Every structure is written in structure tokens, then in C-alpha cells.
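[1] Sequence below, structure please.
(chains A and B)
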Amino acid sequence: MKRNKYQRPVIDLGAERLKTSAMIASIAGADQRTKPAPFGHALVEVAKSRPDIVGLTADLAKYTDLHVFRDAYPDRFYQMGMAEQLLMATAAGMAREGFTPFATTYAVFASRRAYDFICLAIAEEELNVKIVCALPGLTTGYGPSHQATEDIAIFRGMPNLTIVDPCDALEIEQAVPAIAAHQGPVYMRLLRGNVPLILDEYGYKFELGKAKLIRDGADVLIISSGFMTMRALEAATALEKDRIKAAVLHVPTIKPLDVETIRREAAKTGRLVVVAENHTIVGGLGEAVAADLLRNGITPNFRQIALPDEFLDAGALPTLHDRYGISTDAMTKRVKQWLSR
Amino acid sequence: MTKAGHNVSLADRAYHIRRHALKMGEVQGQGYIAQALGVADVLAVSYFHAMNYRPDDPEWEERDRFLLSIGHYAIALYAALIEAGIIPEDEYITYGGDDSRLPMSGMAAYTPGMEITGGSLGQGLPIAVGVALALKRKKSQAKVYCLFSDGEIDEGSVWEAAMSAGSYGLDNLVAIVDVNNMQADGPSKGILNFEPLVPKFEAFNWHTQRVDGNDIDALVNAFDAAKNAPDKKPRIIICDTKMAKGVDFLEARERNHFLRVEADEWTKALAVLDAGRRA
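    Reported below is the predicted structural model:
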């Protein structure tokens, strides 16, 4: 959308305004169960038996939940200042010497600014650095400077890098020891602060590299990652009212992709396949799934729920999630439309 | 008109900038209020003493460019742009809201008078180098002012720009650093020790001054010197400011990078500001 900054907006003094808190807050709904700082607490737990783990950040400890680790292990914490290239190269240096650095910043800064440093200093040498980044996709209303809508597209092209996009607090808690145990570089998208807790209701267990069918259904298969799995589960419940049976296949590891499970589920006949992701429609999970299915002769009816290929607006998150089609309501509506054709 | 208003004192301009910022802060209940209050005197001197511009023509070719690198200081610049007559005063109520021209982080496409999209810190000064080179190519007399922060100088790109500006002798570039000693994770000097700043920039071949950024007379002298110095060097004014300057109970808050202010405290903050003006 091309905006005209010389067009004065209509000012409705009576209008209800969504506040900043809605812009930077967690993605949790008002009455949703949450857990505080699951990444920070999980890292503290793993680090008890792993003296090789160190924490580094670029002036964002407080905003990536790494402050929990900093407060528990002050002598294992390195504040690198607001310098993301330095952060990544320093982590590489420490990994060379046998440590396992967890380096945190925002997803925009890791993917855009520090890419070359991650690529050559870390990934090319397969060093054991865990890059954990807050504000993935559309999880802030600050506008393009902070919205990492293309981080997965950027990182998918980097050889050796494992990419994880967890759904909720439970999955973050389980993913942290898993990526710590994994040999090699990992990029993990982080939900921070009060993070929704839902997957415990489904008896879910995270396994690095594995997609998990969370619910089954005969009409539509929703393949999703990150918090879009939470939305997919909510949409699946909403679709029941219209007697639409939705399966949800959660794919927390985007690279390497669990192609066996995805092919198996997508090949079941008669289902619409919808990939839902908190990411631009370009180069994310949707295109990764589409390409693999096509290469293997599996051609279901295929749709994507993803962010548009554009720089997104600033504003309150609930407004923006509706506007760009990744809210539960917007998602439910579109699935219904696709099935009614 | 090349300068907005000679009849209103700069202290009064700073007071109004602080007031506009508090009004916007109240709309959201929280935000980068302390930075806005701290940098208000610097903006008052920039917009009402140093710079040439036309409020009714924000893209006037001969204007001095003001590049806000620190996108989260947008609230401060909006306040200055309101005071300068570039943004209508009643628009403050839209601050940070959906479809507002005043988003939380400053962006060129949204706001008249906002030259660049800031917020990915470390980009403002390198862009300013490009604008300064371009203005020289165009034989323009306009100057480039670039405001960035003490936390931001952690970024390597700032020093790449500093070296190139010194190397090119960009005497049409005026960098302004707001040293308020506060960044996201805490007091800036505790994050990385960036001092001593003056010898660093001198070593990079800059005309360097350091002033109390809440002392308007000192700022006027510094901006005049930056404009008039014969040196073929880029100019930098390092401004030591106080977070939340002018509202004592907010100044006293230890962690004020992103201030949360209770609903009833805004009236109190405005009253404290007003009392300070009368005193």
C-alpha cells in the first residue's frame, strides 16, 4: 500500500484506541494461560549441567528474556552492546574455543544486519552457536524496522543452519535443551515475556527435526509453525461449528524439514492443504512445503496463509493480525471460503 | 520564512516541545518519554535557531535536513514538528494509533518532516554521509543534521560513517549525539564504555564539541560554532542530557528507557513542567 503522508487523517476523538501495550505486548489473548520468560528459565535449567553454555546479547537481555540467565549466572553472561555483528562474531570465537554460546537479539537485526557474520563465522564452520531472536514475523507493531517478516526466507538459504519456530511456552522449554544438545548452529525464533501455554493440553512433545500431527481431520490439513499453530488449533475448533474437520500438523523445525511426515499427511486424498505461517509468503514454510510436494509428485489443493510481500504497517498487533489475515478469525474465514468453492 | 518565529524564546520552545511530548505520551500511557524530555532543548535549538526550513513545504530543496536515526525518539521529533507548525497540534491524539501519521518509531513514509526511517540503529549517520556528499555534488548550501544516541555508537556502522565523513571532510554535516546514559539494558556506560568521546571523534578528524545538552545558551553557541567554523571537517556536538529533564519525579526513576506512567501521573507531570516554566 502506498501511503500519502501529506493526507491528514480523520481524527475521531470518540474512537476507542488500542494502546501501545497492544503493540508490544505478548501475543497471548486476554484470558489465555501463559508462562513468563520460558526461554530464560529453560536456559538456566540446562546451564546447570552444561558449564560450556554462555549467554551473549546486544543490549537486549531484558527484551529477549536472557536477563533470567544473566541474573542466575552473571559470570557466564556477556553484554556486547548494541552491536549485532560483533555479537555473532564473538559468539563464533567463543564456540571455536569449546563454549556453547546462546546469542540473543531481535530477529530483524540477526537476519538483516548480522547475516554475513552468521554465515561465514558461524555456519560455514558449523560452530555450535545458538541464535535466539525475539520479535519474529509480525509480533510488534513498530513497523518494518522491528518486524522480521522475512527472517526465515533469509536464513533458509544458509547451509548448515537449523531453524526452529516454536509455538508456545511448553515448546520453548523443550526446545532449549534440544538445541543445546544439538551439535551445530541453530536459529530459534523466540516468543518472549508472558508466552501462551497451549500444547500441554495436547500431550505434545518437541523433537528437533520432527513435525507432529496435533489433531486429525478429514477436510483440511493445516500445516503450521510458530504461534500460527495456536491459531490453527483455534481455527480448527471454530471450523467444527460448520462441520469442517481440520487436521493440524505442527512443523516447529523449518530446516531441516520433516518431509516424510509432511508428504505422508499431504498425500492423503481429499484434503485441502493450507500452510499457515507468521512470515512473508515469500520463502518460508509454505514455499518449502510446496516445493517438496511438487518435486515428489504430490499435488493437493494448496493454499497459503502468510503475510503479504510488502513492508507492513505500524499499529496495534490485533489490528495488524486481522489486516494481514493471520488472526484466528481471518484464518477461519479464509479456510471456509476455500472449502466452499 | 526561513526560520520559524524569532519572537518566542528558545526556552519557551523547549517547554512547548516537552508539553507536546507529554500529551502524546499520555495517549499511550507509556513510551520513550524520558528521551523526549531530555532532548527537548537540543531540538528547540535545532529547529528554532540553527536550521533553515519551510513549515509549509517540508521538502523544500534548500532546507537543512534533519535525520533522526533513533526511531524511538519519534515522539520527541513529532513534538518539535508540531511546535514548528509542520504537523497540526491536534494530531497528537493519534500518536502510536492505527493508521496514524505519528507511529511509535519514526518512518519517512508516514510523517511530514521525517526525513528517514530510523529504528534500526546505526543507519542514520551513514545515510547522513550520503546526503552530505549529494548536497555537495548539487552545490547546495543546505546542511545535514543527524541525531543519534550514546547507545547507538556501540554499532560499528557509526564508526564506519565517522571515518568516511572525516576522510571526505564533510563540513556540511552536523552530527548530534544525545548522551543521556541510558539504553535498553541499562545505563549506557555500563553496557560498553564508549568514553572518552571527544578524543575519539577528534581522532576521526571531526570538529568536536561537548556541551550540556540542557543548557540552551551553551547549545546556541555550539550550533553557531558548528555552522561557522572554517575547518573542512564534519562537525559533532556531543550533548550530555538528563533523561526526563523538567519533570523531577520522572527524572528520579532509575529505569526510564521505556517509561510506564500511571494515568493520574500525567496531570502531575504537566503541572511540574508548568511550574518549572514559571519559576
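
[2] now the helices for the stretch 101-250 of chain A?
    Using DSSP state H, counting those that start in this stretch, the helices of the stretch 101-250 of chain A run over A:107-108, A:115-116, A:151-156, A:169-181, A:228-240.

[3] What of chain B?
    Per DSSP state H, chain B has helices spanning B:10-28, B:33-45, B:74-83, B:124-137, B:156-168, B:188-191, B:197-203, B:216-228, B:248-251, B:265-278. These are given in chain order.

[4] Briefly note if the fifth one comes near chain A.
    Yes: judged by CB under 8 Å from any CB of the partner chain, helix B:156-168 comes into contact with chain A through residue B:156. For glycine as for every other residue, the C-beta is placed from the backbone atoms N, C-alpha and C.

[5] what does the last one give?
    No: contact check for helix B:265-278 against chain A, using CB under 8 Å from any CB: none in range, with a minimum separation of 13.6 Å.

[6] mind listing what the closest residue to residue A:37 other than its chain neighbours touches?
    Beyond its immediate neighbours in the sequence, the residue positioned closest to residue A:37 (CB to CB, 6 or more residues apart in numbering or on different chains) is residue A:65, lying 3.9 Å away. With contact set as CB atoms under 8 Å, 6 or more residues apart in numbering or on different chains, residue A:65 has these partners: A:37, A:38, A:39, A:40, A:134, A:190, A:192, A:193.

[7] For the fifth one, give me its contacts.
    This means residue A:134. For residue A:134, the residues meeting the contact criterion (CB under 8 Å, 6+ apart) are A:60, A:63, A:64, A:65, A:104, A:105, A:106, A:107, A:190, A:191, A:192.

[8] Rebuild those residues as CSV, extending it with pLDDT.
    Supplementary listing: the contacts of residue A:134 in CSV, determined by pLDDT from 0 to 100:
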residue, pLDDT
A:60, 97
A:63, 95
A:64, 97
A:65, 97
A:104, 98
A:105, 98
A:106, 98
A:107, 98
A:190, 98
A:191, 97
A:192, 96
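
[9] how about the residues you listed in JSON lines, adding distance to residue A:231?
    Converted to JSON lines, the contacts of residue A:134 look like this (distance: CB to CB, whole Å):
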{"residue": "A:60", "distance to residue A:231": "26"}
{"residue": "A:63", "distance to residue A:231": "24"}
{"residue": "A:64", "distance to residue A:231": "23"}
{"residue": "A:65", "distance to residue A:231": "22"}
{"residue": "A:104", "distance to residue A:231": "25"}
{"residue": "A:105", "distance to residue A:231": "26"}
{"residue": "A:106", "distance to residue A:231": "22"}
{"residue": "A:107", "distance to residue A:231": "19"}
{"residue": "A:190", "distance to residue A:231": "18"}
{"residue": "A:191", "distance to residue A:231": "13"}
{"residue": "A:192", "distance to residue A:231": "18"}
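
[10] Turn the helices of chain B into JSON lines, including mean neighbour count.
    Putting the helices of chain B into JSON lines (neighbours: other CB atoms under 10 Å in any protein chain shown) gives the following:
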{"stretch": "helix B:10-28", "mean neighbour count": "23"}
{"stretch": "helix B:33-45", "mean neighbour count": "29"}
{"stretch": "helix B:74-83", "mean neighbour count": "28"}
{"stretch": "helix B:124-137", "mean neighbour count": "20"}
{"stretch": "helix B:156-168", "mean neighbour count": "19"}
{"stretch": "helix B:188-191", "mean neighbour count": "19"}
{"stretch": "helix B:197-203", "mean neighbour count": "16"}
{"stretch": "helix B:216-228", "mean neighbour count": "17"}
{"stretch": "helix B:248-251", "mean neighbour count": "16"}
{"stretch": "helix B:265-278", "mean neighbour count": "15"}
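
[11] any chance of those helices in TSV, plus mean pLDDT?
    Conversion of the helices of chain B to TSV gives the following (pLDDT from 0 to 100):
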stretch	mean pLDDT
helix B:10-28	96
helix B:33-45	97
helix B:74-83	98
helix B:124-137	98
helix B:156-168	98
helix B:188-191	90
helix B:197-203	98
helix B:216-228	97
helix B:248-251	94
helix B:265-278	93
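
[12] so which of those helices gets nearest residue A:288?
    Go through the helices of chain B one by one with CB to CB and the one that ends up closest to residue A:288 is helix B:156-168, at 32.1 Å.

[13] Which residues does the closest one contact?
    Residues lying outside helix B:156-168 but in contact with it, judged by CB under 8 Å, 6+ apart, are A:83, A:85-86, B:122-123, B:125-126, B:128-129, B:132-133, B:148, B:152-153, B:173, B:175, B:201, B:204-206, B:233-234.

[14] Residue A:127 is in contact with residue A:96, correct?
    Yes: look at residue A:96 against residue A:127 with CB atoms under 8 Å: they come within range, at 6.5 Å.

[15] tell me the angle the helix or strand hosting residue A:273 makes with helix A:228-240.
    Under the criterion DSSP states H and E, the helix or strand holding residue A:273 is strand A:272-280. Between strand A:272-280 and helix A:228-240, the angle comes out at 140 degrees (axes from the mean of the first three to the mean of the last three CA atoms, to 10 degrees).

[16] Counting neighbours, which bits of the helix or strand just after strand A:272-280 end up buried?
    Sequence order places helix A:285-295 as the next helix or strand after strand A:272-280, per DSSP H and E. Going by neighbour count (16 or more other CB atoms under 10 Å in any protein chain shown), the buried part of helix A:285-295 is A:285, A:286, A:287, A:288, A:289, A:290, A:293.

[17] Enumerate every residue touching the residue lying closest to residue A:236 once chain neighbours are set aside.
    Counting by CB to CB, 6+ apart, residue A:236 lies nearest to residue A:246, which is 3.8 Å off, once chain neighbours are set aside. When contacts are counted by CB under 8 Å, 6+ apart, residue A:246 touches A:215, A:217, A:219, A:220, A:221, A:222, A:232, A:235, A:236, A:239, A:335.

[18] quick check, nearest of the residues you listed to chain B?
    Minimum distance to chain B across those is 23.6 Å, recorded for residue A:235 (CB to the nearest CB).

[19] Count the residues that sit near residue 173.
    Going with chain A. Other residues lying near residue A:173 total 22 when counted by other CB atoms under 10 Å in any protein chain shown.

[20] nope, chain B
    Burial of residue B:173 is recorded as 30 neighbouring residues (other CB under 10 Å).

[21] and chain A, what are its domains?
    A:32-196, A:209-340 (automatic domain parsing).

[22] Tell me which of those sits nearest to residue B:270.
    From the domains of chain A, taking CB to CB, the stretch that ends up closest is domain A:209-340, at 25.4 Å.

[23] and that closest one, how far from the chain's centre?
    On the basis of CA atoms, centre = their mean, to the nearest Å, domain A:209-340 is displaced by 14 Å from the centre of the chain it belongs to.

[24] Make TSV out of the buried residues of helix A:285-295 and add distance to chain B.
    Putting the buried residues of helix A:285-295 into TSV (distance: CB to the nearest CB, whole Å) gives the following:
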residue	distance to chain B
A:285	25
A:286	26
A:287	26
A:288	27
A:289	31
A:290	31
A:293	36
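
[25] Just flag the most distant two among those.
    When these are compared pair by pair using CB to CB, the two farthest from each other are A:285 and A:293, 12.3 Å apart.

[26] circling back to that earlier point, give me the subset of the contacts of residue A:134 lying in strands.
    Secondary structure assignment by DSSP state E places A:104, A:105, A:106, A:190 of those in strands.
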